[in-house]
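A.B. asks: Return atomic coordinates for the entry below.
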Amino acid sequence: MLEFTIFIVFVALVFDFLNGMNDAANSIATIVSTRVLSPKLAVAWAAFFNFAAAFFFGVKVATTIGKGIVEPSIVNPELILSALVGAIIWTHLCTYYGLPISVSHSLIGGLAGSAVSKAGFSVLIPSGLIKVGIFIFLSPLIGLILGFIFMVIVLWIVRKSSSYKVDKVFRIGQLLSSAAFSLGHGTNDAQKTMGIIAILLYSGGYLGNEFYVPFWVVISAHTTIALGTLYGGWKVVRTMGMRLTHLQPVGGFCAETAGALVLIGTALAGIPVSTTHTVAGGIMGVGATKGLRAVRWGVANKIVWAWILTIPISGLVGYISYAIIDFFFVLFNITF
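C.D. replies: Okay, here's the model as predicted:
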């Protein structure tokens, strides 16, 4: 039992690493596309702040994942493994093809699908799923609106300044906005893995009678997601930073600032949102200030479809994974 639990913790951290890989684009796409930093320096910058987020924003999102998606009483290592398999397969495919999907929603879909496979729809917690579902649409919309508003305000402030001076100032500003976004990314996304590991430990009796997130889980999750960001997912970087719209440092600053505010705000409220959705909305909002044609809506359409399909497909894979794993557990008389 203990050995299998350790193995699943390892699988969860593999998922966390893939999360960092796919979502590396969210933290660094704009800063790379505007050439403020080279790709290598940008990923190091983002990875550092992904890790630093461990010490700032608590674990409310982890608690939502651990207790707010499915009934904790039906969770066991078999279910968690199935959920992770569903999330990892979908995340890997999307990273391979350069689609910036929501890795966190892959995990939620995998968890929900596995739970349904085990015990039916009654074990799902509607309030938690509704909260996640609402913010699939709200987080990119809020990011878009804030990105648009920030860009309009900044352009008005600098309207009499030379383009050279504006570019110079916002190259420095983008370092700060990228750091803030990476903090938001680290705190929101690493907490999804924390929640999965914590509910695994709780269901196995390793946390006692009260659910909480041990500090070693916090550090492990943040370290792993930082390493994934450091490794990078360059196809996704290209899609997010170079194909949605053309960005300059001032635009990158506004998009990242909008995204950072949404991510940090939702993390403090315990709402698991997608960093991908949020920053894509911010980028599109910035691009829209130049006119609707400045945004490549064909690319945006593909991204949105990937968002919509993420929870159902990862849920289906989680459902099938649980059925297959459960078959072998019964076959070999493995019980928990």
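
A.B. asks: When you work out contacts or count neighbours from here on, use the C-alpha atoms and nothing else.
C.D. replies: OK.

A.B. asks: low-confidence ranges in the stretch 1-150 of the chain?
C.D. replies: Low-confidence segments of the stretch 1-150 of the chain, defined by pLDDT under 70: 22-27, 29-30, 95, 98-101.

A.B. asks: in it, which spans are helices?
C.D. replies: If DSSP state H, counting those that start in this stretch is used as the criterion, the helices of the stretch 1-150 of the chain fall at 2-33, 39-52, 60-67, 77-96, 103-119, 126-157.

A.B. asks: of all these, which lies closest to Gly281?
C.D. replies: Of all those, it is helix 126-157 that lies closest to Gly281, at 4.1 Å by C-alpha to C-alpha.

A.B. asks: if we can go back for a sec, can you redo the helices of the stretch 1-150 of the chain as JSON lines with mean neighbour count and distance to Val279?
C.D. replies: Below are the helices of the stretch 1-150 of the chain laid out as JSON lines (neighbours: other C-alpha atoms under 10 Å; distance: least, C-alpha to C-alpha, whole Å):
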{"stretch": "helix 2-33", "mean neighbour count": "24", "distance to Val279": "6"}
{"stretch": "helix 39-52", "mean neighbour count": "22", "distance to Val279": "14"}
{"stretch": "helix 60-67", "mean neighbour count": "24", "distance to Val279": "19"}
{"stretch": "helix 77-96", "mean neighbour count": "24", "distance to Val279": "17"}
{"stretch": "helix 103-119", "mean neighbour count": "28", "distance to Val279": "14"}
{"stretch": "helix 126-157", "mean neighbour count": "19", "distance to Val279": "7"}
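
A.B. asks: In the chain, which residue sits furthest out from the middle?
C.D. replies: Lys160 (38.4 Å; C-alpha atoms, centre = their mean).

A.B. asks: That one: which element?
C.D. replies: Following DSSP states H and E, there is no helix or strand that holds Lys160.

A.B. asks: Pull up the per-residue confidence for it.
C.D. replies: pLDDT recorded at Lys160 is 81.

A.B. asks: Give me the phi and psi angles of it.
C.D. replies: phi -100, psi 0 (degrees, to the nearest 10).

A.B. asks: Next one: it relative to Lys290, how far apart?
C.D. replies: Using C-alpha to C-alpha, to the nearest Å, Lys160 is found at 18 Å from Lys290.

A.B. asks: Also Met194?
C.D. replies: Met194 is 40 Å from Lys290, by C-alpha to C-alpha.

A.B. asks: Quick check on these two: which one has the bigger neighbour count.
C.D. replies: Met194 (32 against 13; other C-alpha atoms under 10 Å).

A.B. asks: residues near Val158, how many?
C.D. replies: 12.

A.B. asks: Next up, the contacts around the closest residue to Lys192 other than its chain neighbours.
C.D. replies: Distances taken as C-alpha to C-alpha, 6 or more residues apart in numbering place Ala62 nearest to Lys192, at 5.4 Å, with adjacent residues excluded. Shown in contact with Ala62 (C-alpha atoms under 8 Å, 6 or more residues apart in numbering): Gln191, Lys192, Thr193, Met194, Gly195, Ile196, Val213, Gly270.

A.B. asks: and which of those residues is nearest Val103?
C.D. replies: Nearest to Val103 among the contacts of Ala62 is Lys192, at 9.4 Å by C-alpha to C-alpha.

A.B. asks: show me the contacts for the closest one.
C.D. replies: Contacts for Lys192 (C-alpha under 8 Å, 6+ apart) come out as Val61, Ala62, Ile65, Ser104, Leu107, Pro272.

A.B. asks: Looking at those, which one is closest to Pro39?
C.D. replies: Closest to Pro39, out of all of the contacts of Lys192 and judged by C-alpha to C-alpha, is Ser104, at 24.1 Å.

A.B. asks: Check whether the closest one really touches Asp189, as I assumed.
C.D. replies: Yes: with contact defined as C-alpha atoms under 8 Å, Ser104 reaches Asp189; the gap is 6.5 Å.

A.B. asks: between these two, what contacts are shared?
C.D. replies: Asn19, Pro272, Ser274.

A.B. asks: Which parts of stretch 178-185 count as buried, going by neighbours?
C.D. replies: By neighbour count on 16 or more other C-alpha atoms under 10 Å, the buried set for stretch 178-185 is Ser178, Ala179, Ala180, Phe181, Ser182, Leu183, Gly184, His185.

A.B. asks: Off-centre distance for whichever strand or helix holds the second one?
C.D. replies: Just to be clear, that refers to Ala179. For Ala179, the host element (DSSP H and E) is helix 163-203. Computed by C-alpha atoms, centre = their mean, to the nearest Å, the chain-centroid distance of helix 163-203 equals 10 Å.
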